[in-house]
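Participant: Next come a sequence and a model predicted from it.
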Amino acid sequence: MKLSFRARLLVSLVPAVVLVLAIAGYVGADRFSRVMEDQGQQAADIHIQVARDLLADQMESVEAAARVIARDPAVSEAAPKAHGALGAALARQSGLLGLTYAAVVEPDGTVAGTSMGTKPFHTSWTYLVRGLESDQPTVSIEIVPGAELEKLGLKGALAIPVKETPNGTVVPGENEGALSIVAVVPMQSKRLVAVKTFVKDYSLVDSVVAKVGGTSTIFQRGVRVATTVTNDAGERAIGTVVSDAVRKTVLSERKAYRGEAFVVNKTYLAVYEPLKNSAGDVVGMIYVGVDKTPYARATRSFAVTMGLAALVAAAVVVLLAFNVSRVMSKPLAAVSDAAGRVATGDLTVQVPSTGYREVETLAGSFNAMTSGLRSIISQVESAVMQLRAVAGEITAASRSSAEHASLQASSVAQSTAALEELVRSFESVSAGAKHVLQIAEDALESAQDGAAHVGGTAQVMDELASSARQTAEAASAMAAVAHDIEEMTSIITNIAGRTKILALNAAIEAARAGEAGKGFAVVSSEIRGLAESVNQSAGHIDELVSNIEAAIRRLEQLAAAQAELTERAVGESHASREAFDQIVRQMQDTALAARQIAEAAAQQNRAADQVVQAMQQVSVSSQETAAAAEQLADSAGAVDAETERLIASISRFKTQ
């Protein structure tokens, strides 16, 4: 099923515009989503920067607290063995400064006193042993060994059970010890150790969230030890492990992780940065996260808005396309209807030259085409009428020529019969001459009979001479008719040529008209075929006329010969009559006259034979002339029939 121009315009325009709107909406939504993610990630970067600053501040605070405790006389001047007084002083200062605990370590590694009130013990903590060898104060993030915590009596309080998460794998031993800020300050020959642990201490993460919002977490290796993230029960999700993807990037590859992260029960735009100890080993992570929900909500809102805008735009485009297609297809429909009427033969139809420029041009061309077709049809009709008239004249002339030829053939037949009778008479004359020689006594009677026969012969010869003259006149008349036929044939040939030119012009105009001109192209082809048929018939008529003219020339020659022979026969007839008169008057010359008569009779017999043969040829030529005239009449009738067919074909075109 072929679609109309209007349907094709709608089918091609609307999907294209809708597709463009859909692509624009998709690209816009994707771009907006990326912008939102970038903004969320920038917010997370700001959060991690705040977290780093707060962590640095907290490390400086722990170092400052260590310096304050080291300058405390109650601590610095306490006797080595008075660990009770030392412990009390350390406990008082640690509580005031927010430390987890403080301790004084002797140069040999003995922990002389702690804020926990423990008895002195020897430390095996590598970090402290290494710090005893330095006279410079140090502060770093370290993991306090579990054995150290046990000696201090803190292991149970800082113990965190590990919990599995959907995306994280539990690694045994990661919860051993306590991730802490450790400051070591020289104090005379001793070292003051100040420790602030991150385990279950939420001051840092809460301060981060208080400043910038979002969520924050401190990891000891891969286990959450302090966090603002809560589980479904509303409790802080400590003890849960980090996802394997983050573990691989931060703990194994020692790089920061930025991107989406599913934390406990929600997706965040997160930043994880490694926490390194004094030896450069990654001992934990600090995390900040920005809830992705607002950004996702904004993206969905933007996508919905874009979708609604696209739907409205698509509806507007459909309405505009409908109106535009209607405006564009209306004049084309008018041209199509007009072309249909032209195809049925109505050449009076005109298309209004209104609308956009292309339609005006098309309408003008269509009207010019119909005007040209009307002119061509009128010319062809006029030419056909002329051809019809000429065909009628040819038919009439051919019928007249056939009648004249028939009359001539009848006359020639009569002349031939007379000549045959004359031949028989000449035979009788010859026999009589012989008898005259044999029977002299009957010379007078035979002479009288011979005179009578000679008189009849003279009369017949006079009629033969008159017939010969009529034959010559008929031949001249036939020559004039043949000349008229030749002129008519030339006129027919000229008309056929003009008809072929008109048919060719019509075919060219029909080809220019395209589909609308196909019907007229068939008509032009029929006209051209008819013109070629007329041209061939005219050529055949020319050939027949040439044959007729040749026959007429032969007939004129024979008529001239017949006239000459007839004149000679008349002369001989008169001579015979004089001879017979002389026989009557002078019987003595009978023998001589008989011989002369015999000789003359023999000559007349031969001449009569020649005249009979010539008249037979004239009869054949007359018959051929009659047949040619009949054939010419039939050809003219065929031309007339073809003209009628052409008139019938043209009559279906309406030009007025």
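Facilitator: Alright, I've got the coordinates.
Participant: Would you list the phi and psi of residue 222?
Facilitator: phi -110, psi 10 (degrees, to the nearest 10).
Participant: my bad, should have said residue 106
Facilitator: phi -80, psi 160.
Participant: Which element, helix or strand, includes the residue nearest to it when sequence neighbours are not counted?
Facilitator: Closest residue to residue 106 in three dimensions, ignoring its sequence neighbours and counting by C-beta to C-beta, 6 or more residues apart in numbering: residue 112, at 5.4 Å. For every residue, glycine as well, the C-beta is placed using N, CA and C. Using DSSP states H and E, the element containing residue 112 is strand 110-114.
Participant: and if you look at residue 134?
Facilitator: Here residue 134 sits in a region with no helix or strand, counting by DSSP H and E.
Participant: List the buried residues in stretch 157-169.
Facilitator: 158, 160, 162-163, 165, 168 (16 or more other C-beta atoms under 10 Å).
Participant: how about those in CSV, adding secondary structure, pLDDT and distance to residue 182?
Facilitator: Below are those laid out as CSV (DSSP: H, G, I helix; E, B strand; the rest coil; pLDDT from 0 to 100; distance: C-beta to C-beta, whole Å):
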residue, secondary structure, pLDDT, distance to residue 182
158, helix, 90, 14
160, coil, 90, 19
162, coil, 92, 23
163, strand, 88, 27
165, strand, 84, 29
168, strand, 87, 27
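Participant: a markdown table for the residues you listed, including distance to residue 152?
Facilitator: What follows is those, written out as a markdown table (distance: C-beta to C-beta, whole Å):
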| residue | distance to residue 152 |
| --- | --- |
| 158 | 10 |
| 160 | 17 |
| 162 | 22 |
| 163 | 26 |
| 165 | 31 |
| 168 | 30 |
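Participant: in the stretch 401-550 of the chain, which spans are helices?
Facilitator: For the stretch 401-550 of the chain, the helices defined by DSSP state H, counting those that start in this stretch occupy 443-513, 518-585.
Participant: Off-centre distance for the last one?
Facilitator: The chain centroid and the centroid of helix 518-585 are separated by 69 Å under C-alpha atoms, centre = their mean, to the nearest Å.
Participant: on contacts alone, who are the packing partners of it?
Facilitator: Contact analysis of helix 518-585 by 3 or more C-beta pairs under 8 Å, 6 or more residues apart in numbering; DSSP states H and E lists helix 293-343, helix 357-438, helix 443-513, helix 590-651 as its packing neighbours.
Participant: If you tally nearby residues, what's the number for residue 645?
Facilitator: Under the neighbour criterion other C-beta atoms under 10 Å, residue 645 is assigned a count of 13.
Participant: and it, what does it touch?
Facilitator: Counting by C-beta atoms under 8 Å, 6 or more residues apart in numbering, residue 645 touches residue 530.
Participant: how close does the closest residue to residue 531 other than its chain neighbours sit to residue 27?
Facilitator: Nearest residue to residue 531, sequence neighbours excluded (C-beta to C-beta, 6+ apart): residue 499, at 3.8 Å. The gap separating residue 499 from residue 27 is 68 Å, by C-beta to C-beta, to the nearest Å.
Participant: Have a look at those two and say which one is more surrounded.
Facilitator: Set residue 499 next to residue 27 and count neighbours by other C-beta under 10 Å: residue 499 wins out with 24 against 11.
Participant: picking that back up, please verify my assumption that the residue nearest to residue 106 contacts residue 84.
Facilitator: No. The criterion here is C-beta atoms under 8 Å, and residue 112 misses it with residue 84 at 11.4 Å.
Participant: neighbour-wise, which of those two wins?
Facilitator: residue 112 (20 against 12).
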